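Colleague: Provided below are the primary sequence and the corresponding predicted coordinates.
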Amino acid sequence: MAHPDNLFLDGVTLCAGHKTILDHVTLTVPITGMTLLAGRNGSGKSTFLKACLGLVRLQNGVLLVKGQPPETACKQIGYMPQGLNDAALMIPAISHVMAAMNGAQWGVSLPSRNRRENAERLLALTGALSFARRPLGLLSGGERQRVCLAQALTDNPKTLLLDEPLAALDHEAQHQIVSLLDTLTRELGISILMTSHETEALDGKVSRILKLENGSLHV
Ligand SMILES: Nc1ncnc2c1ncn2[C@@H]1O[C@H](COP(=O)(O)OP(=O)(O)OP(=O)(O)O)[C@@H](O)[C@H]1O
């Protein structure tokens, strides 16, 4: 059912180039709390997250994220893509967060003082305020993930799509990020759909696992 808590797919076919990621998939699954999108390298996890954001078009079928088509749903979704492009590495961490605050939701740009205060609030929330003025390229992997998470949290999203937020982190940093994500789901009611190969760090924290394999998606 196209319920506001659900991810809803009806006859969805999704391709990336010549590769079929989803082949006529029909599925309804709640995505409240933390949902792990699992699958082997190249199975299509990143492509599916992009489809949920309306960045990649379906070949066929209907996809609804919390009851809305991707083009509408994306306005209430924070997205953390896999990796950063090289240009982003040169700018201070706080600018990376402020850059996402374009005021698009309300049609007016926020004054820069408000943007800075908002960015500082989000960086404090993710434990990244102490390195807010350092270039992203000089931060450790774990520090950078915290900044990217702060950027994904701009505009108070109801849902976060996180592509490999635990990649290249040591065990301690993985557990710190997982604990932060757990807090976001429990205290702010944010739904998190994330990809990760680090399933051990997520033990006991995920509400469900969605498996993407051989063109099918199942719980
Ligand atoms: N724009 C594109 N054009 C052609 N092929 C693509 C495109 N984007 C992705 N692919 C291919 O589609 C497949 C799925 O890629 P995707 O990045 O979604 O997988 P993934 O499950 O996220 O992988 P990983 O776990 O390695 O990050 C891969 O074989 C990839 O090479």
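Modeller: On my side now, so go ahead. Residues are numbered from 1 along each chain as shown.

Colleague: from this protein, which residue is nearest to the ligand?
Modeller: As assessed by C-beta to the nearest ligand atom, the ligand sits closest to Gly17 within the chain, at 2.4 Å. C-betas here are computed from N, CA, C, even on glycine.

Colleague: Now for His218, how many residues are close by?
Modeller: 11 (other C-beta atoms under 10 Å).

Colleague: Tell me who's in contact with it.
Modeller: When contacts are counted by C-beta atoms under 8 Å, 6 or more residues apart in numbering, His218 touches Leu27, Leu210, Lys211.

Colleague: Which helix or strand contains the last one?
Modeller: To tie it back to what came earlier, the one meant is Lys211. Assigned by DSSP states H and E, Lys211 belongs to strand 208-213.

Colleague: For the ligand, tell me whether the next helix or strand after that strand is touching it.
Modeller: Next in sequence after strand 208-213, counting helices and strands by DSSP H and E, comes strand 216-218. No. Using C-beta under 6 Å from any ligand atom, strand 216-218 never reaches the ligand; the gap is at least 11.8 Å.

Colleague: circling back: out of the contacts of His218, which end up buried?
Modeller: Among the contacts of His218, the ones that count as buried by 16 or more other C-beta atoms under 10 Å are Leu27, Leu210.

Colleague: Present the contacts of His218 as CSV; the columns should include distance to Leu123.
Modeller: Shown next, in CSV, are the contacts of His218 (distance: C-beta to C-beta, whole Å):
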residue, distance to Leu123
Leu27, 36
Leu210, 30
Lys211, 34
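
Colleague: Throw the contacts of His218 into CSV and include distance to Asp203 and pLDDT, thanks.
Modeller: Below are these laid out as CSV (distance: C-beta to C-beta, whole Å; pLDDT from 0 to 100):
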residue, distance to Asp203, pLDDT
Leu27, 24, 97
Leu210, 17, 97
Lys211, 17, 97
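
Colleague: out of the contacts of His218, who's nearest Gln76?
Modeller: Leu210 (19.9 Å; C-beta to C-beta).

Colleague: Near the closest residue to the closest one other than its chain neighbours, how many other residues are there?
Modeller: The shortest distance from Leu210 to any non-neighbouring residue, by C-beta to C-beta, 6 or more residues apart in numbering, is to Leu37 (5.0 Å). Taking other C-beta under 10 Å as the neighbour definition, Leu37 ends up with a count of 25.
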